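Peer 1: predicted model follows, preceded by the sequence.
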Amino acid sequence: MSRIGRTPIIVPAGVEVKLEGNILTVKGPKGSLTQKMPPEMGLEIEAGQITVNRPGEQKHHKSLHGLTRTLINNMVEGVTQGFKKELEVNGVGYRVAKEGKKLVMNLGYSHQVIVEEIDGIEIEAPAANRIIISGIDRQKVGQFAADVRKKRPPEPYKGKGIKYAGEVIRRKEGKTGAK
């Protein structure tokens with residue numbers, strides 16, 4: 001039995017969970033999320049908690065068990081607390097600024113790189129070298145952060161570029177002088 005899959009999900013007060021067929025809707029103080037769940041998995045919503053049951057011991061069912069539970073937990077956590085990714089911009093002359101719903105980045109190119117907010121995602125630029133991406137959908141937040149990072153990934157020689165906060169960049173040694 002999957003340890004992750006069999007752990008019940010506690011539904012906090014103020015969160016409404018509704019299951020219609022295999023479509024799960026979670027509403028909370030920060031918003032609402034809807035996701036189509038695998039039809040094989042059995043979902044039981046009772047007494048302020050959700051449990052996920054699998055029909056058999058097939059490999060396919062075992063792999064879906066933990067995944068389904070994690071997806072539901074992320075939905076519940078998203079509508080109550082939300083998710084956040086922090087990015088750092090390193091490099092001489094590299095800076096970011098928020099203009100309306102756009103993130104304007106100077107990343108050493110001959111032009112500015114402009115990224116627009118998408119639905120369900122908020123961008124903040126509290127400093128010239130920090131970006132905070134937040135939202136209620138974990139997948140959207142992570143994908144948007146990865147797309148922003150892709151505009152100038154960190155390079156291994158000087159460490160210039162956009163990296164996640166806390167990410168360790170493996171540095172390489174430069175050329176050595178020949179004698």
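Peer 2: On my side now, so go ahead.

Peer 1: average pLDDT across stretch 159-173?
Peer 2: Mean pLDDT, computed over stretch 159-173, is 93.

Peer 1: span of it from start to end?
Peer 2: Stretch 159-173 has its terminal residues 12 Å apart, counting by CA to CA, to the nearest Å.

Peer 1: who's in contact with that stretch?
Peer 2: Stretch 159-173 has contacts (CB atoms under 8 Å, 6 or more residues apart in numbering) with 85-92, 94, 107-108, 130-131, 145, 148-149, 151-157. C-betas here are computed from N, CA, C, even on glycine.

Peer 1: out of those residues, which end up buried?
Peer 2: 85, 87-91, 94, 107, 131, 145, 148-149, 151-152, 154 (16 or more other CB atoms under 10 Å).

Peer 1: of those, which pair is most distant in space?
Peer 2: By the measure CB to CB, 85 and 91 form the most distant pair in those, at 19.6 Å.

Peer 1: top helix in this structure by residue count?
Peer 2: helix 59-80 (DSSP state H).

Peer 1: the helix or strand just after it to helix 59-80, inter-axis angle?
Peer 2: Once the chain leaves helix 59-80, the next helix or strand it forms, by DSSP states H and E, is strand 83-90. Orientation note: strand 83-90 sits at an angle of 80 degrees relative to helix 59-80 (axes from the mean of the first three to the mean of the last three CA atoms, to 10 degrees).

Peer 1: so where do the strands sit in the chain?
Peer 2: Ranges of strands in the chain, per DSSP state E, are 9-10, 16-20, 23-28, 31-36, 42-46, 49-53, 83-90, 95-99, 102-106, 113-116, 121-127, 130-135, 161-164.

Peer 1: for these, which one sits closest to residue 69?
Peer 2: Across those, residue 69 has its closest neighbour in strand 49-53 (4.5 Å, CB to CB).

Peer 1: that closest one packs against which elements?
Peer 2: Packing partners of strand 49-53 (3 or more CB pairs under 8 Å, 6 or more residues apart in numbering; DSSP states H and E): helix 3-6, strand 9-10, strand 42-46, helix 59-80.

Peer 1: mean confidence score for the last one?
Peer 2: Read it as helix 59-80. 93.

Peer 1: in the longest helix of the chain, which residues are buried?
Peer 2: 61, 64-80.

Peer 1: measure the residue nearest to the spatial centre of the chain to residue 40 for me?
Peer 2: When CA atoms, centre = their mean is applied to the chain, the residue found nearest the centroid is residue 142 (3.0 Å). Per CB to CB, to the nearest Å, residue 142 is found 26 Å from residue 40.
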